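Student: predicted model and sequence follow; I will ask about them next.
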Amino acid sequence: MAHSGTKDGGEFRIHENVDELATDLADYIAELSEISVKERGFFAIALSGGSLISLMGKLCEAPFNKTVDWAKWYIFWADERVVAKNHADSNYKLAKDGLLSKVPVVPGHIYSINDSLSAEEAASEYEFVLRQLVKTRTVDVSEISDCPKFDLILLGMGPDGHVASLFPNHIALDEKEEWIIFITDSPKPPPERITFTLPVINSASNVAVVVTGANKAEAVHLAIDNVGSECPVLPARMVCPTNGKLVWFLDRAAASMLEASQ
Ligand SMILES: O=C(O)[C@H](O)[C@@H](O)[C@H](O)[C@H](O)COP(=O)(O)O
């Protein structure tokens with residue numbers, strides 16, 4: 001790793017290149033999986049879409065494909081596009097093709113959204129399913145609210161600072177009660193999506209934000225460095241686990257404007 005540090009309770013890891021980042025990310029996920037399985041008997045992980053899945057690719061290779069206890073993984077999505085599961089835009093399809101079909105996860109432990117429903121119905125059904133899994137503690141529960149406490153939520157970030165399907169200046173950022181909501185006006189296509197809310201993201205035991213590329217350097221700076229309050233509040237800056245650990249995985253290009261790394 002080229003450089004690492006901490007900032008406002010979060011940790012950032014800056015990697016020389018994408019390959020080094022991918023190796024560190026696989027190590028990190030495998031270690032959290034081992035700890036959760038030892039402590040709880042399950043590993044409840046939430047994925048996002050975008051470049052994240054290919055950056056997780058080393059998990060399909062040795063040693064991880066053999067050493068990770070895949071049968072204990074329960075897999076969710078922090079956000080999903082409301083399209084058919086076999087559609088090129090589907091985050092489920094992306095993860096299935098790039099990761100889940102290559103490792104021995106249990107098909108019944110993959111919790112994708114119901115693609116035969118409207119965005120509104122799919123969000124409420126997904127929350128219902130999640131509530132059942134929190135009841136049985138397959139997904140842990142927060143000590144301070146009734147929110148699910150995922151062992152790990154993995155997020156990407158857009159150049160505008162969005163995470164999951166929580167976009168700048170969107171009313172979804174104010175949601176305090178619901179766990180999962182739908183939006184129909186995503187600035188990044190496709191427009192209809194469902195997403196975890198900030199209370200769910202911030203209740204997780206671990207949150208990792210994985211960001212590469214120079215086009216995201218300014219958003220990384222605004223999200224991590226102490227910038228004036230006149231700046232718009234980026235969704236990524238609102239990721240701040242109450243009782244959990246936040247780690248940023250960056251490559252050199254994404255970290256190029258980061259003051260905290262100087
Ligand atoms: O479904 C989605 O669109 C996402 O979950 C979204 O939040 C994504 O993670 C970021 O837009 C980063 O995507 P890239 O890493 O591809 O830039």
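Tutor: All right, it came through fine.

Student: residue 244: neighbour count?
Tutor: Using other C-beta atoms under 10 Å, residue 244 has 20 neighbouring residues. In short, each C-beta sits where N, CA and C put it, glycine included.

Student: again with residue 238
Tutor: 15.

Student: which residues touch the spatially closest residue to it that is not a sequence neighbour?
Tutor: Nearest non-adjacent residue to residue 238, counting by C-beta to C-beta, 6 or more residues apart in numbering: residue 198, 5.6 Å away. By C-beta atoms under 8 Å, 6 or more residues apart in numbering, residue 198 lies in contact with 166, 173, 175, 238, 239.

Student: any idea of the mean pLDDT in stretch 187-197?
Tutor: Mean pLDDT, stretch 187-197: 97.

Student: cool, stretch 31-48 as well?
Tutor: Stretch 31-48 comes out at a mean pLDDT of 98.

Student: list the buried ones in that stretch?
Tutor: Of all the residues in stretch 31-48, those buried under the rule 16 or more other C-beta atoms under 10 Å are 32, 33, 36, 37, 40, 42, 43, 44, 45, 46, 47, 48.

Student: got phi/psi on the third one?
Tutor: As for residue 36, its main-chain torsions (degrees, to the nearest 10) stand at phi -60, psi -40.

Student: how about the contacts made by it?
Tutor: With C-beta under 8 Å, 6+ apart, residue 36 has these contacts: 42, 43, 44, 72, 151, 152, 205.

Student: in strands, which of those fall?
Tutor: If you go by DSSP state E, these have 43, 44, 152 in strands.

Student: next, the contact list for the last one, please.
Tutor: Applying C-beta under 8 Å, 6+ apart, one finds that residue 152 lies in contact with 29, 32, 36, 43, 44, 45, 46, 204, 205, 206, 207, 208.

Student: Three-state assignment for the first one, please.
Tutor: In this case it means residue 29. helix (DSSP: H, G, I helix; E, B strand; the rest coil).

Student: tell me how many other residues crowd it.
Tutor: Residue 29: 21 neighbours (other C-beta under 10 Å).

Student: from residue 163, how far off is it?
Tutor: From residue 29 across to residue 163, the span is 18 Å (C-beta to C-beta, to the nearest Å).

Student: which residues does the closest residue to the ligand within the stretch 51-200 of the chain contact?
Tutor: Nearest to the ligand, among the residues of the stretch 51-200 of the chain, is residue 156, at 2.6 Å (C-beta to the nearest ligand atom). Going by C-beta under 8 Å, 6+ apart, residue 156 touches 48, 49, 50, 51, 52, 163, 209, 210, 211.

Student: tell me which strands the helix or strand of the chain with the lowest mean pLDDT pairs with, and in which orientation.
Tutor: Using mean pLDDT, DSSP states H and E, strand 3-7 stands out as the lowest-scoring helix or strand of the chain, at a mean of 80. Next to strand 3-7 in the sheet, as set by DSSP bridges, lie strand 10-15 (antiparallel).

Student: show me how far the partner strand is from its chain's centre.
Tutor: With C-alpha atoms, centre = their mean, to the nearest Å as the basis, strand 10-15 stands 16 Å off its chain's centre.

Student: one more: stretch 213-232?
Tutor: On C-alpha atoms, centre = their mean, the centre of stretch 213-232 falls 19 Å from the chain's centre.

Student: repeat that for stretch 119-135.
Tutor: That offset, for stretch 119-135, works out to 18 Å (C-alpha atoms, centre = their mean).

Student: near the ligand, which residues of the stretch 51-200 of the chain are found?
Tutor: Residues of the stretch 51-200 of the chain found near the ligand (C-beta under 6 Å from any ligand atom) are 51, 52, 79, 81, 91, 156, 157, 158, 162, 163, 164, 188.

Student: possible to save those residues as JSON lines with distance to residue 100?
Tutor: Shown next, in JSON lines, are these (distance: C-beta to C-beta, whole Å):
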{"residue": "51", "distance to residue 100": "17"}
{"residue": "52", "distance to residue 100": "13"}
{"residue": "79", "distance to residue 100": "17"}
{"residue": "81", "distance to residue 100": "17"}
{"residue": "91", "distance to residue 100": "11"}
{"residue": "156", "distance to residue 100": "17"}
{"residue": "157", "distance to residue 100": "22"}
{"residue": "158", "distance to residue 100": "23"}
{"residue": "162", "distance to residue 100": "24"}
{"residue": "163", "distance to residue 100": "22"}
{"residue": "164", "distance to residue 100": "19"}
{"residue": "188", "distance to residue 100": "23"}
